[in-house]
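Undergrad: Quick one, what's the 3D model for this:
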Amino acid sequence: MESARPGDAHRRKNEEIHMFGKQSRWFAPLAATAAVLLAASPASAAVEPDVIIPASESCKTFDLGLAAEGGNIRQIDFSNGDFFQVGTGVVLTWINMSTGKTYTVKTSGSVSKYTQNADGTWTFTATGHNGYVYFSGDRPEGPGAYQYTGRLVLTIDSPITNNVKSVDATAGKAVDICARLS
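TA: As a prediction, this is how the structure comes out:
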């Protein structure tokens with residue numbers, strides 16, 4: 001088990017999950033074609049988290065754990081500084097660290113695109129299955145954690161810190177992880 005700290009970059013075998021810059025900023029690109037497996041497991045089926053996100057930066061009333069298994073994520077860089085992250089076959093398990101209740105998502109592929117804007121901000125476009133944690137300082141008001149299936153478009157300050165300036169578009173389904181695990 002590892003606690004997230006500001007400035008840490010965390011990579012697991014096959015680069016299943018990434019944490020960018022600030023404490024517990026998770027973007028887990030996950031598959032567009034996979035079905036979502038909604039599994040509320042009993043506390044006795046303990047899953048060991050790869051990272052624990054403090055309640056003040058995730059679900060307000062409980063620390064949020066996240067475990068990722070299998071699959072891989074690769075990055076494609078372009079000469080203008082823009083880049084894509086392409087993921088396949090990652091299984092995410094979100095964990096209420098107080099109760100042990102879990103929510104699991106099985107995936108098979110997704111794409112994330114980072115495009116630099118003229119004003120220095122970045123547009124982050126995620127398609128497929130993507131887990132995202134909003135921090136207390138993010139807009140809209142964080143904290144919160146969501147599992148998106150479809151499309152998510154954000155304006156962020158940079159791909160390193162991922163401070164959310166605005167949520168520009170969502171399409172598809174968004175599961176409120178905190179509500180699901182409460």
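
Undergrad: Please enumerate the strands of this protein.
TA: Taking DSSP state E, the strands of the chain run over residues 18-19, 26-30, 51-53, 64-69, 72-77, 83-88, 91-96, 102-106, 110-116, 122-134, 144-156, 164-176.

Undergrad: looking at the ones you listed, which is closest to Ser182?
TA: Smallest distance to Ser182 across the strands of the chain (CB to CB): 7.3 Å, for strand 91-96. For every residue, glycine as well, the C-beta is placed using N, CA and C.

Undergrad: circling back: let me have the strands of the chain in a markdown table, adding mean neighbour count as columns.
TA: Compiled in a markdown table, those are given as follows (neighbours: other CB atoms under 10 Å):
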| stretch | mean neighbour count |
| --- | --- |
| strand 18-19 | 22 |
| strand 26-30 | 27 |
| strand 51-53 | 22 |
| strand 64-69 | 23 |
| strand 72-77 | 14 |
| strand 83-88 | 20 |
| strand 91-96 | 23 |
| strand 102-106 | 22 |
| strand 110-116 | 19 |
| strand 122-134 | 23 |
| strand 144-156 | 21 |
| strand 164-176 | 14 |
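
Undergrad: Output the ones you listed in CSV, with distance to Ser182 appended to each entry.
TA: Listed next are these as CSV, based on distance: least, CB to CB, whole Å:
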stretch, distance to Ser182
strand 18-19, 24
strand 26-30, 19
strand 51-53, 15
strand 64-69, 11
strand 72-77, 29
strand 83-88, 28
strand 91-96, 7
strand 102-106, 11
strand 110-116, 26
strand 122-134, 16
strand 144-156, 12
strand 164-176, 9
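
Undergrad: Include mean pLDDT when you put these into TSV, please.
TA: Below are the strands of the chain laid out as TSV (pLDDT from 0 to 100):
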stretch	mean pLDDT
strand 18-19	34
strand 26-30	39
strand 51-53	96
strand 64-69	95
strand 72-77	93
strand 83-88	92
strand 91-96	95
strand 102-106	94
strand 110-116	95
strand 122-134	94
strand 144-156	94
strand 164-176	94
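
Undergrad: Look up the closest residue to Thr88, ignoring the ones flanking it.
TA: Once flanking residues are discounted, Thr88 sits nearest to Gly109: 4.7 Å by CB to CB, 6 or more residues apart in numbering.

Undergrad: State the number of residues packed around that neighbour.
TA: 19 (other CB atoms under 10 Å).

Undergrad: Could you check the pLDDT of it?
TA: We have a pLDDT of 79 for Gly109.

Undergrad: Confirm for me that it is in contact with Val86.
TA: Yes. Counting by CB atoms under 8 Å, Gly109 does reach Val86; the two are 7.4 Å apart.

Undergrad: related to what we said a few turns ago, measure the residue nearest to Thr88 to Ala171 for me?
TA: 18 Å (CB to CB, to the nearest Å).
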